[in-house]
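Participant: Give the three-dimensional model of this entry:
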Amino acid sequence: ALASLALTAAPVRAQTEGVDARIAAVSGDVAVYPADGSAEASAEAGMPLEEGDRVVAAEGGSAEIALDGASLITVRERSDFKIEKAVDGESSFFLQAGALLAKIQKLGERRLRVRTPTAVVAVRGTEFGVEVDEAATHVGVFDEGKVSVSGESGEPETLISNQETSVLLGQPPSRATYRAATTSRALSHRSICRAGAGRQMA
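Facilitator: Numbers count the residues shown, from 1 in each chain. From the prediction side, this is the model:
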């Protein structure tokens, strides 16, 4: 439970107002780069995160980030993830490189977005994965719920369960398809995300 994690938190820092964002679990080499420009720190379970903080996972590393004790984002290896905004009503994150998996509880009127260099993913509550490579962003939805994916041009594409899309730089999202290659890659990591959510909710 996150309450117990808080008791063992390493450096105590001011938490993000409105949304409790913190490292829930770490595997391998993961660094946190604080928004205030202070020295990087090794990620540790229970460490609170602020707006502007970056979580960078090296080869073989990963980190689980809990939001309000109800939702979980797993940052995969070789990933650069930033908390842009985390206040009541709206949360925004930036995935510069790599991949993430997320299990987001129903948000009601609240909004959550994941930005990448080529796309914006708007979420209200579902399981989904986002992967960034050199040329495109790939988004896949696992569970019930809807995800809206926008590119720099064209209309947004809405994904439902077991659908995926890709977004090239400067292009609109490709038409949603079922169980395409990128979704299959994400699905191979789905058990990792669900296992992390199970530990968090226990």
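Participant: so what's the residue nearest to the spatial centre of the chain up against?
Facilitator: Note on the chain: the residue nearest the mean C-alpha position is Ile73, at 4.3 Å, using Cα atoms, centre = their mean. Ile73 is in contact with Glu64, Ile65, Leu67, Phe81, Phe93, Leu100, Leu101, Ala102, counting by Cβ atoms under 8 Å, 6 or more residues apart in numbering. For glycine as for every other residue, the C-beta is placed from the backbone atoms N, C-alpha and C.
Participant: Double-check that it belongs to a strand.
Facilitator: Yes. The assignment for Ile73 is a strand, going by DSSP: H, G, I helix; E, B strand; the rest coil.
Participant: So Gly125 versus Ala66, what's the distance?
Facilitator: Distance, Gly125 to Ala66, using Cβ to Cβ, to the nearest Å: 16 Å.
Participant: swap in Leu100?
Facilitator: 14 Å.
Participant: Comparing these two, which residue is more hemmed in?
Facilitator: Taking neighbours as other Cβ atoms under 10 Å, Leu100 and Ala66 compare with Leu100 leading, 28 against 25.
Participant: Just confirm that one contacts Val114, I think it does.
Facilitator: Yes. Leu100 lies in contact with Val114 (Cβ atoms under 8 Å); the separation is 7.2 Å.
Participant: any common contacting residues for these two?
Facilitator: Val130.
Participant: what sits against the residue nearest to Asp88 when sequence neighbours are not counted?
Facilitator: Nearest non-adjacent residue to Asp88, counting by Cβ to Cβ, 6 or more residues apart in numbering: Gly18, 3.8 Å away. Contact analysis of Gly18 by Cβ under 8 Å, 6+ apart lists Ala86, Val87, Asp88, Gly89.
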